[in-house]
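S.K.: I need the structure of the sequence given here:
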Amino acid sequence: MSKTKPILAVTMGDPAGIGPEIAVKAFEDAEVHKVCKPLLIGNAAIMLRIVEELKSELKVNAIANASEAGFRFGEIDVLNLDVENPDSIKYGQISASAGDIAFRSVVKAIELALSGEVDGTVTNPINKKAINTAGHHFSGHTEIYAHYTNTPKYAMLLADEKLKVIHVSTHVSLRKACDLVQKNRILDVVHILDEGLKRLGIKNPRIGVAGLNPHAGDEGLFGDEEIKEIIPAVKEANEKGFNVEGPFPPDTLYALAAGGKFDGCVAMYHDQGHIPFKLIGFVWDDKNGTMKSVKGVNITLGLPIIRTSVDHGTAFEIAGNGIASPEALVYAINYAVKLYKN
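M.R.: Below is the predicted model of the structure:
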């Protein structure tokens, strides 16, 4: 492992999307090189094509092993994974070829982190349909990491300066998500969040827990999950020494947290956490038809390795136009460094 700046494996993402483009732009950022040693995991031919399309002055350095990386500013070290016909991958199009290289890049990054060859991993967006078309049956990055690190208890944390949200469930149907609101899972997530916030430098995290139902059930009028599962979980968490309050009505909790009352929030399902988070961090520019800002980091907590990610998708609609912002990727890199230091 690196004894100075951490070595971070940055995955290419789906090459039909904006992942390779924002990777190039991040590697051009001198500030990124000041805080870490970035290593791109993907296909060198594809990255060279992106460099040429962007008229970047970066030199693509194709390598076979992480130990060959030079980590020199002005170069992009690419741990090269073969693609049979990289030219067949077209912007904005779902394909097995794109899904396969995106998936293999993630698995390689995990292997490097588990072996200690890199200090952390940062992922660019993948397309779930593309990786499944390629025969890799996972619902997202989080599940891939859990599988390849043999991690039974994990959770997705969305992190921004104002708001940090963890999820009891993520990539499942809304109907199934309701069934997953269980006391023991909520307790596990509170524990995982407390540890994660401490690794982000918060000494005594204050945690707010959302209800599942409107008005947090309103004493059983709109559902009993709060009474049967969430309230007992909050009570037991406090008995175990965690600083937890709730359940709060979901439409109130995030305003309280964004205003400073809580350091982190527990959402009961995917959209309950993602919608308020993206409302704060994502800014749409209607005049130019693109996102002006996409701040926010996706962190998988509970793993034996560091994993942060951009919190946006492949953006097929703008891929190849050279207008994608690397802001979220740079943000994710900085969070990986922060987790490494703590």
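S.K.: and stretch 18-38, which residues are buried?
M.R.: Judged by neighbour count using 16 or more other C-beta atoms under 10 Å, the buried positions of stretch 18-38 are 18-28, 32-33, 35-38. Bear in mind the C-beta positions are built from the backbone N, C-alpha and C, glycine included.
S.K.: any idea how far apart the tips of it sit?
M.R.: Using C-alpha to C-alpha, to the nearest Å, one end of stretch 18-38 lies 18 Å from the other.
S.K.: so for that stretch, what's the average pLDDT?
M.R.: Across stretch 18-38, the average pLDDT comes to 97.
S.K.: same check, this time on stretch 145-159
M.R.: 93.
S.K.: export only the CA atoms of it, formatted as PDB.
M.R.: Extracted in PDB, the C-alpha atoms of stretch 145-159 (Å, rounded to 0.1, in the frame of the first residue of the first chain):
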ATOM      1  CA  TYR A 145     -19.000  -5.200  -4.400                       C
ATOM      2  CA  ALA A 146     -20.900  -7.200  -1.700                       C
ATOM      3  CA  HIS A 147     -20.600 -10.400  -3.800                       C
ATOM      4  CA  TYR A 148     -16.900 -10.200  -4.600                       C
ATOM      5  CA  THR A 149     -15.900  -9.100  -1.100                       C
ATOM      6  CA  ASN A 150     -18.200 -11.700   0.600                       C
ATOM      7  CA  THR A 151     -19.800  -8.900   2.600                       C
ATOM      8  CA  PRO A 152     -23.200  -9.900   4.200                       C
ATOM      9  CA  LYS A 153     -24.000  -6.600   5.800                       C
ATOM     10  CA  TYR A 154     -23.600  -3.400   3.700                       C
ATOM     11  CA  ALA A 155     -25.500  -0.300   2.800                       C
ATOM     12  CA  MET A 156     -25.400   2.600   0.300                       C
ATOM     13  CA  LEU A 157     -24.600   6.000   1.600                       C
ATOM     14  CA  LEU A 158     -25.200   9.200  -0.400                       C
ATOM     15  CA  ALA A 159     -22.900  11.900   0.900                       C
END
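S.K.: can we start the residue count at 36 from this point?
M.R.: Shifting the count to begin at 36 puts that one at stretch 180-194.
S.K.: list the buried residues of it.
M.R.: Neighbour-count burial for stretch 180-194 [16+ other C-beta under 10 Å]: Tyr180, Ala181, Tyr183, Thr184, Thr186, Tyr189, Ala190, Met191, Leu192, Leu193, Ala194.
S.K.: tell me which of those fall in helices.
M.R.: Judged by DSSP state H, helices contain the following of the buried residues of stretch 180-194: Tyr180, Ala181, Tyr183.
S.K.: let me know the next secondary structure element after the helix or strand hosting Thr343.
M.R.: Assigned by DSSP states H and E, Thr343 belongs to strand 342-345. Counting by DSSP H and E, the next helix or strand C-terminal to strand 342-345 is helix 362-376.
S.K.: residues in contact with that next one?
M.R.: With C-beta atoms under 8 Å, 6 or more residues apart in numbering as the test, helix 362-376 has contacts from 40-41, 43, 45, 57-58, 60-61, 64, 66-67, 70-71, 73, 154-159, 194, 234-236, 328-334, 341, 343-347.
S.K.: now, of these, which are buried?
M.R.: Buried members of these, counted by 16+ other C-beta under 10 Å: 40-41, 43, 45, 57-58, 60-61, 67, 70-71, 73, 154-159, 194, 234-235, 329-334, 341, 343-347.
S.K.: now, which of the residues you listed lie within strands?
M.R.: 43, 45, 73, 155-158, 194, 329, 332-334, 343-345 (DSSP state E).
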